[in-house]
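Enquirer: Give the three-dimensional model of this entry:
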Amino acid sequence: MSEERRDDQRPDDTPQTLVSHLLELRNRLLKTLVVVLVIFLGLFYFSRDLYTLVARPLMDAMPEGTNMIATGVASPFLAPFKLTLYLSIFVAMPFILHQAWAFVAPGLYRHEKKLAVPLLASSVLLFYGGAAFAYFVVFPLMFQFFTTIAPEGVAVTTDISSYLDFVLALFLAFGVAFELPIAIVLMVATGITTVEKLAASRAYVVVACFVIGMMLTPPDIISQTLLAVPMWLLFEIGLVFGRMVRRQQLDREQDTPQNR
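Expert: Alright, predicted model coming up:
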């Protein structure tokens, strides 16, 4: 058997029972829960400060003399608690993905592992980048817009639980939107589409980016552009890496018959 063929073999083809797989999955889930719990316990003491930090973009934009309110009896406790829990998962995401990777890695070919590792690392960084972009760039503009269009006689006093649900949804939306290069690479690597087809649809992609920007941001051109332009740039970056992945696949396909 050729070296290239050996390279394509899984490192361990020893069959494992269903029970052993379930035990390994249980152990990795327990490790993940422990890590999330440890992070949560470490952050819970600062839960009120964390909520104040997350609420800062809105509080800075609110009219002078106004504050956020809590309409629920338990909201002053539950809102910071919920934020700390989500933040713990957010912080533990690299470890969570590492555990998922360690569980599925034995069943992957060597060339699949070489692709999966950078994709996992890039997906975490891009998700963090999308959330940071939302907090530092989009939120200040968005809340400034919302607080200035309130009708006369309407006091802007946002409920803390409603605000938290709103920003968590936006963090998730922007984090997922920034995963566009990963989605392109996966579609090209699995043969769902080609870089040439995606490049030919560039005009439609640009329009779609602005439509998504319009749906996720206030109806002003600045906020829409702040999301649409980064998404378009991420699309172009995804095409570059998609070409690299496809070139590697072609090289491997050409080398394999020669080494038989």
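Enquirer: roughly how far apart are residue 51 and residue 211?
Expert: As for residue 51, its distance to residue 211 is 33 Å (criterion: CB to CB, to the nearest Å). The C-beta positions use only the backbone N, C-alpha and C, and glycine is treated the same way.
Enquirer: Could you report the neighbour count for residue 184?
Expert: Using other CB atoms under 10 Å, the number of residues around residue 184 comes to 23.
Enquirer: what are the ranges of the helices in the stretch 51-200 of the chain?
Expert: 75-91, 93-104, 110-133, 139-148, 160-177, 180-189, 195-200 (DSSP state H, counting those that start in this stretch).
Enquirer: Give me the contact list for the second one.
Expert: Contacts of helix 93-104 with the rest of the structure, by CB atoms under 8 Å, 6 or more residues apart in numbering, involve 24-25, 28-29, 31-32, 35-36, 89, 116-117, 120, 123-124, 127.
Enquirer: buried stuff in that helix?
Expert: Buried residues in helix 93-104, counting neighbours by 16 or more other CB atoms under 10 Å, are found at 93, 96, 98, 99, 101.
Enquirer: Among residue 51 and residue 211, which residue is more densely surrounded?
Expert: residue 51 (22 against 12).
Enquirer: which one is the more buried one nearest to, not counting chain neighbours?
Expert: residue 80 (4.5 Å; CB to CB, 6 or more residues apart in numbering).
Enquirer: Same check on residue 157?
Expert: In space, residue 157 is closest to residue 69, 4.9 Å off (CB to CB, 6+ apart).
Enquirer: pretty sure the one you found contacts residue 161?
Expert: No. Residue 69 lies out of contact with residue 161 (CB atoms under 8 Å); the separation is 10.0 Å.
Enquirer: who's more crowded, the two?
Expert: residue 161 (18 against 13).
Enquirer: hang on, that one packs against residue 70?
Expert: Yes. With contact defined as CB under 8 Å, residue 161 reaches residue 70; the gap is 7.4 Å.
Enquirer: Quickly list what's touching both of these two.
Expert: With CB under 8 Å, 6+ apart as the test, residue 161 and residue 70 both reach residue 79.
Enquirer: about what we covered before: from residue 142, how far off is the residue nearest to residue 157?
Expert: 20 Å.
Enquirer: which stretches of the chain have low pLDDT?
Expert: Residues of the chain that meet the criterion pLDDT under 70 lie in 1-16, 108, 111-112, 217-220, 255-260.
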